[in-house]
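S.K.: Show me the folded form of this:
(one chain, ligands or ions: 1)
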Amino acid sequence: MKPIIEVRNFTKKYGNFIAVDDISFTVDEGSVFAFLGPNGAGKSTTINTLCTIFEKTSGTLLIDGKDVTTQKNDVRASIGVVFQDSTLDAKMTIEENLKMHCVFYNIPKKEVEERIQFVLTLVDLLKERKKLVGALSGGMKRRVEIARGLIHYPKVLFLDEPTTGLDPQTRAHIWEYILRLQKERNITIFLTTHYMEEAEICNKIAVIDGGKIVAHDTPYALKKKFTKDKAYISTSNEYELEQLLEKYQLEYVKKKGYYKVDAENTNHLLQVLSLQKEAITDIEIKKGTFNDVFIEITGKTIREDA
Ligand SMILES: Nc1ncnc2c1ncn2[C@@H]1O[C@H](COP(=O)(O)OP(=O)(O)OP(=O)(O)O)[C@@H](O)[C@H]1O
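M.R.: The predicted model follows:
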């Protein structure tokens with residue numbers, strides 16, 4: 001697949017402080033890419049530089065082959081941006097907000113109606129177009145912002161925590177729209193999120209920590225590399241279970257009322273346990289979560305307050 005975002009040896013300093021330290025990564029066209037990191041890792045600095053808002057210190061950042069430093073207008077025409085803080089005008093209707101954006105992007109008058117219909121259909125808000133933005137729910141406002149970010153038909157859509165603060169059902173809806181944009185329109189989505197289960201849906205993930213990219217791969221590969229499945233076993237004969245686990249060199253930790261056992265090779269573990277099946281009272285095998293991946297890589301949860 002062709003990369004649509006290319007970041008090579010990007011460094012950003014604030015005075016003497018190195019916020020982003022010589023990072024390189026690419027994002028494939030038509031993919032959903034999650035950019036993750038704990039607080040202060042350098043995510044906003046990178047996104048703002050890609051969106052032509054901040055100036056880089058050094059390196060090369062290209063979007064659709066255009067340089068974010070020397071071809072700002074071309075880059076701006078190729079990207080849509082939805083930031084965390086709403087910039088919609090609450091006193092205007094959905095339609096008026098979109099029309100205003102068409103003016104900013106110099107969209108020819110005769111195309112405006114067609115584009116409004118197109119983007120509002122994508123986020124299922126066509127019937128609501130005459131509603132005042134101030135009267136909409138949080139989830140609907142987010143959908144309007146996504147529609148607005150698409151009005152100039154960008155190739156890449158940047159979404160900074162698109163579902164933060166929304167209830168689980170609304171979050172699921174926003175994800176439907178995000179995946180629809182990718183599948184039906186081949187729009188590349190570059191997003192940040194602190195919901196690990198959302199990162200798992202993405203095609204690729206990059207984790208930034210302390211200004212460095214510390215992991216960059218598919219969710220599957222990262223899980224495989226950084227997590228282990230665990231079995232939670234209860235028994236009526238603790239002594240014999242310990243003897244058995246030790247004999248077959250299965251690592252375990254004794255907890256109150258159960259044993260936590262390494263279950264990387266589930267078949268082998270089950271075969272071993274079958275030797276004592278009368279004593280085993282319960283077995284539960286848990287897959288590693290993406291949260292485990294994040295903690296393993298960064299040593300932190302995604303949010304200090306999480
Ligand atoms: N204008 C600035 N001047 C000095 N330091 C800054 C400035 N902006 C950001 N920083 C520092 O650069 C580092 C990276 O900040 P950045 O905002 O990119 O992180 P982030 O990953 O987006 O964090 P968060 O998730 O908290 O938004 C942090 O240590 C931050 O304090």
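
S.K.: Look at Lys277 and report its pLDDT.
M.R.: In this model, Lys277 is scored at 86, pLDDT.

S.K.: how deep is it tucked in, by neighbour count?
M.R.: 9 (other CB atoms under 10 Å). Where C-beta positions appear, they are placed from N, C-alpha and C, glycine not excepted.

S.K.: Return the distance of it relative to Ile283.
M.R.: Distance, Lys277 to Ile283, using CB to CB, to the nearest Å: 10 Å.

S.K.: Then Leu273?
M.R.: Going from Leu273 to Ile283 by CB to CB gives 7 Å.

S.K.: joint contacts of these two?
M.R.: Ile233 (CB atoms under 8 Å, 6 or more residues apart in numbering).

S.K.: Which residues are in contact with Glu6?
M.R.: Counting by CB under 8 Å, 6+ apart, Glu6 makes contact with 26, 60-62.

S.K.: if we go to 7 Å?
M.R.: By CB atoms under 7 Å, 6 or more residues apart in numbering, Glu6 lies in contact with 26, 62.

S.K.: Can you classify it by secondary structure?
M.R.: Following DSSP: H, G, I helix; E, B strand; the rest coil, Glu6 is assigned to strand.

S.K.: what do you get for His216?
M.R.: strand.

S.K.: and if you look at the one 5 residues further on?
M.R.: Under three-state DSSP, Ala221 falls in the helix class.

S.K.: Quick check, pLDDT for it.
M.R.: pLDDT for Ala221: 92.

S.K.: middle-most residue in the chain, spatially?
M.R.: Closest residue to the average C-alpha location of the chain: Ala34 at 3.3 Å, with CA atoms, centre = their mean.

S.K.: For the longest helix seen in the chain, buried residues please.
M.R.: For the chain, the longest helix by residue count, based on DSSP state H, is helix 168-185. For helix 168-185, a neighbour-count test (16 or more other CB atoms under 10 Å) marks 170-171, 173-175, 177-178, 181-182 as buried.

S.K.: So which of the residues you listed is the closest to the ligand?
M.R.: Arg171 (18.5 Å; CB to the nearest ligand atom).

S.K.: which residues does the closest residue to that closest one other than its chain neighbours contact?
M.R.: Among residues not flanking Arg171 along the chain, Thr163 sits closest, at 4.1 Å (CB to CB, 6 or more residues apart in numbering). Shown in contact with Thr163 (CB under 7 Å, 6+ apart): 171, 174, 193, 195, 198.

S.K.: Surely Thr163 forms part of a helix?
M.R.: No - under the criterion used here (three-state DSSP), Thr163 is coil, not part of a helix.

S.K.: What distance do you get for it to Ile146?
M.R.: 11 Å.

S.K.: Then His268?
M.R.: Separation of His268 from Ile146 (CB to CB) stands at 47 Å.

S.K.: I figured Asp21 hits Lys212, correct?
M.R.: Yes - contact criterion CB atoms under 7 Å: Asp21 and Lys212 qualify, at 5.3 Å.

S.K.: Show the contacting residues for Ala147.
M.R.: For Ala147, the contact set (CB under 7 Å, 6+ apart) comprises 98, 119-120, 122-123, 125.

S.K.: which residue sits closest to it, ignoring its sequence neighbours?
M.R.: Nearest non-adjacent residue to Ala147 (CB to CB, 6+ apart): Val119, at 4.0 Å.

S.K.: any idea which element the one you found lies in?
M.R.: Using DSSP states H and E, Val119 falls within helix 109-122.

S.K.: average pLDDT for that helix?
M.R.: 93.

S.K.: Next: stretch 236-252.
M.R.: The pLDDT scores in stretch 236-252 average 94.

S.K.: Briefly note if the helix or strand harbouring Leu157 comes near the ligand.
M.R.: Per DSSP H and E: Leu157 is located in strand 156-160. No - with CB under 6 Å from any ligand atom as the criterion, the ligand is not reached by strand 156-160; the gap is at least 8.7 Å.
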